[in-house]
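[1] have a look at this prediction, sequence included:
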Amino acid sequence: MTLVLDKDLAYRVEQSEVDTLHSRLSAIRGMPGNPMDVQIEKFGKATAFSVKKIPGPSFNTVKGLSDGDEIYIDDIIEYYKRRNIPARFELTPANASPKLLTILSEKGFYQREFHSSLYTSSLHDVEPEATQVAIRKLNKNEFDLFAEIYIKGFGLPDFVKGGIAQNNAVLYDLENWTFYLAIVEDEPAGIGVIFVQDKIATLAAAATIPHLRNKGVHRALINERLQQAAFQACDLAVGQAKYASISQNNMERSGLRIAYTKAIWVQQE
């Protein structure tokens, strides 16, 4: 039976997101010369992530900002200003307060979107499904294939392929990370990633080749990773998805339920 959500559980869900991104970016930062120019800074309970050479919100964001961190908001804004990166705050219902939201508003920030965080503790109830999708672990020499599927799945330009391959390959030998390849009729169809720490499994990323969608690839990758979480004796699995997206729908069909919707705050231009 899945645990009923309370503030302690909500904290674990949020912390898993912080730990996953921290592990990923720490590995990228550890590459010789820190070529992506990664910085990770703590401000109270909040963690500010920034990657100068990878624009966009995925790696340039503040997680864990909580009631009581109001005194650090000016410092966080200045930190991103020095990096010439837009500040972006991810706020959860468990940690946001009227005071925190008011101060962000006074600083010129506004809520632009929502993002869903989901969880399940019923890992041992996951049963393999009859499917035409074959799942196996990705081999170390297959990150070009991984990146090819990733950019096609997310509609990204070809020029980012090399960086995606490199920035994921650096995680391969870390015990917390496992990569999967989905195959349909002998054709590579999708990829999935899982990160495990503190008995929490995070469904870290998944993508499906567009012409092979609607064949159960994403569901199969979710279930494979939930089974892996059970095998590693996790007591919680979490995932993130765009609100009301197909990804969220598939997670819910696989037994995850919504923990909360994060509010994404950005500065007015």
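    Received it, and whenever you're ready, just let me know what you need. Residues are numbered from 1 along each chain as shown.
[2] hmm, who's touching stretch 218-230?
    Identification of contacts with stretch 218-230 by C-beta atoms under 8 Å, 6 or more residues apart in numbering yields 120, 123-124, 126, 128-129, 131, 133, 135, 178, 180, 182, 190-192, 194, 196, 201, 203, 206, 208, 237, 239, 246-247, 250-251, 253-255. Heads up, the C-betas are built off the backbone N, CA and C, glycines and all.
[3] rerun at 6 Å
    123-124, 126, 131, 133, 135, 180, 182, 190, 192, 194, 201, 203, 206, 208, 237, 250, 254 (C-beta atoms under 6 Å, 6 or more residues apart in numbering).
[4] pull the CA atoms of it into PDB?
    Provided in PDB are the C-alpha atoms of stretch 218-230 (Å, rounded to 0.1, in the frame of the first residue of the first chain):
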ATOM      1  CA  HIS A 218       7.400   4.500 -21.700                       C
ATOM      2  CA  ARG A 219       5.300   2.300 -19.500                       C
ATOM      3  CA  ALA A 220       7.700  -0.500 -19.900                       C
ATOM      4  CA  LEU A 221      10.600   1.700 -18.900                       C
ATOM      5  CA  ILE A 222       8.800   2.900 -15.800                       C
ATOM      6  CA  ASN A 223       7.900  -0.600 -14.700                       C
ATOM      7  CA  GLU A 224      11.400  -1.900 -15.300                       C
ATOM      8  CA  ARG A 225      12.900   0.800 -13.100                       C
ATOM      9  CA  LEU A 226      10.300   0.300 -10.400                       C
ATOM     10  CA  GLN A 227      11.200  -3.400 -10.300                       C
ATOM     11  CA  GLN A 228      14.900  -2.300 -10.100                       C
ATOM     12  CA  ALA A 229      14.000  -0.100  -7.100                       C
ATOM     13  CA  ALA A 230      12.300  -3.000  -5.400                       C
END
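[5] and it, how far out from the chain's middle?
    16 Å (C-alpha atoms, centre = their mean, to the nearest Å).
[6] follow-up on the earlier one: among the contacts of stretch 218-230, which lie within strands?
    133, 135, 180, 182, 190, 192, 194, 201, 203, 206, 208, 237 (DSSP state E).
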